[in-house]
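**Student:** Let's see this in three dimensions:
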Amino acid sequence: MIFDNIKNAHLYYQLGEKIKNGFEFLLNNDLDKIPPAIYDVSDGIYANVQELETKLPHLAKFEAHREYIDIQYVIKGNERMDFSLVDDFISDVPYDTKKDVEFLKLKDDSFCPNTINVHKGDFAIFFPHDVHAPMLSCNEGCEIIKKVIVKIKVN
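**Tutor:** Got it, this is the predicted structure:
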């Protein structure tokens, strides 16, 4: 998992051409004006632009992927993302090959996941098997945010 601001995107280009192409989509489009939809970026890369309401942290649903890397970028608003090591989890809903997602739950209720608050212009990269719970409220109330998830096919 990586957390940073878009102004530092160039530091991550060395992770591969697909990662670079994903960041170039974020940097070269007017994301404030782009409507929610799924956009083809290039072979093995697509972007899912969303406007959604955050949810309270106790409603977190932890997920992991196997086929795609996520670059989750906040366009407008604030979003909390919880994450932890995969060894802290057990499967809750089996892996769905068509949606490339498995939902997980903490092995032990006493485990406390890590938390980042992702603000406008910030991003988090989740690699396959990085367990994360996005779309959480940073505060006691919920808010509508706009974000884009760039999905990058592994291999």
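
**Student:** Would you state the helices of the chain in chain order?
**Tutor:** In the chain, the helices defined using DSSP state H lie at 17-27.

**Student:** Nearest the middle, which residue of it would you pick?
**Tutor:** Residue closest to the mean C-alpha point of the chain, counted by C-alpha atoms, centre = their mean, is Gln72 at 3.6 Å.

**Student:** Isn't that one up against Ile116?
**Tutor:** No: the criterion here is C-beta atoms under 8 Å, and Gln72 misses it with Ile116 at 10.4 Å. (Each C-beta comes from the backbone N, C-alpha and C, glycine too.)

**Student:** Return every residue with contacts to both of the two.
**Tutor:** Counting by C-beta atoms under 8 Å, 6 or more residues apart in numbering, the common neighbours of Gln72 and Ile116 are Met81, Ala124.

**Student:** what residues are up against the residue nearest to the centre of the chain?
**Tutor:** Counting by C-beta under 8 Å, 6+ apart, Gln72 touches Met81, Val118, Phe123, Ala124, Ile125, Phe126, Pro134, Lys147, Val148, Ile149.
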